[in-house]
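Following is a predicted model, sequence given first.
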Amino acid sequence: QVQLVESGGGLVQAGGSLRLSCAASGRGFSRNAMGWFRQTPGKEREFVAFISWSGDNTYYADSVKGRFTISRDNAKNTVFLQMNSLKPEDTAVYYCARGPLLRDGAVAATQEYDYWGQGTQVTVSS
């Protein structure tokens, strides 16, 4: 069993920054790819960023490329999402999720992720 707990969300003005954290407990983190997703009311959960199990490979949705950075610290069982130059359209609940074991190639489909956190709200005001 794996538990994922996100933190770091909040209210920020457009152009500002936030850093989300996702702490994992239980078995299974350091050898799994990880991902960040987001969801707004009435919409499907959408992919934001992926990081391979080793941390060597990352992949981003076009909408956040160049502004967001995903990273991980396997010693601390934590994955991060640094969000810069935030826009009002980035407002959403952000979720971290555990991806496939020993996966290097990018995975964006929600069904490829087996454990999810409870989400953290990010609100960007204009």
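It's in.

Bridged to the spatially most central residue of the chain, which residues?
Nearest to the mean C-alpha position of the chain, counting by Cα atoms, centre = their mean, stands Trp36 at 2.1 Å. Per DSSP bridges, residues listed as beta-bridge partners of Trp36: Ala49, Cys96.

Isn't it up against Tyr95?
Yes - Trp36 is within contact range of Tyr95, at 7.1 Å (criterion: Cβ atoms under 8 Å). (Glycine included, C-beta is placed from N, CA and C.)

how much space between the residue nearest to the centre of the chain and Glu6?
Per Cβ to Cβ, to the nearest Å, Trp36 is found 9 Å from Glu6.

hey, what's in contact with both of those two?
20, 22, 94-96 (Cβ atoms under 8 Å, 6 or more residues apart in numbering).

Who wins on neighbours among the residues you listed?
Among the shared contacts of Trp36 and Glu6, Cys96 has the most neighbours (other Cβ atoms under 10 Å), with 30 neighbours.

shouldn't that one be in contact with Trp36?
Yes - with contact defined as Cβ under 8 Å, Cys96 counts as touching Trp36 (5.6 Å).

Mutual contacts of the two, please.
With Cβ under 8 Å, 6+ apart, Cys96 and Trp36 have common neighbours 20, 22, 79, 81.

in the helix or strand harbouring the first one, what's buried?
Under the criterion DSSP states H and E, the helix or strand holding Leu20 is strand 18-26. Neighbour-count burial for strand 18-26, with 16 or more other Cβ atoms under 10 Å as criterion, is recorded at 18, 20-24.

What is the burial count for Thr120?
22.

which residues sit in contact with it?
If you count contacts by Cβ under 8 Å, 6+ apart, Thr120 has them with 6-9, 20, 93-94.

so where's this structure uncertain?
Across the chain, nothing is flagged by pLDDT under 70.

the strands in it, which residues?
Counting by DSSP state E, one finds strands in the chain at the ranges 2-7, 10-13, 18-26, 32-39, 46-51, 58-60, 68-73, 78-83, 92-101, 115-116, 120-125.
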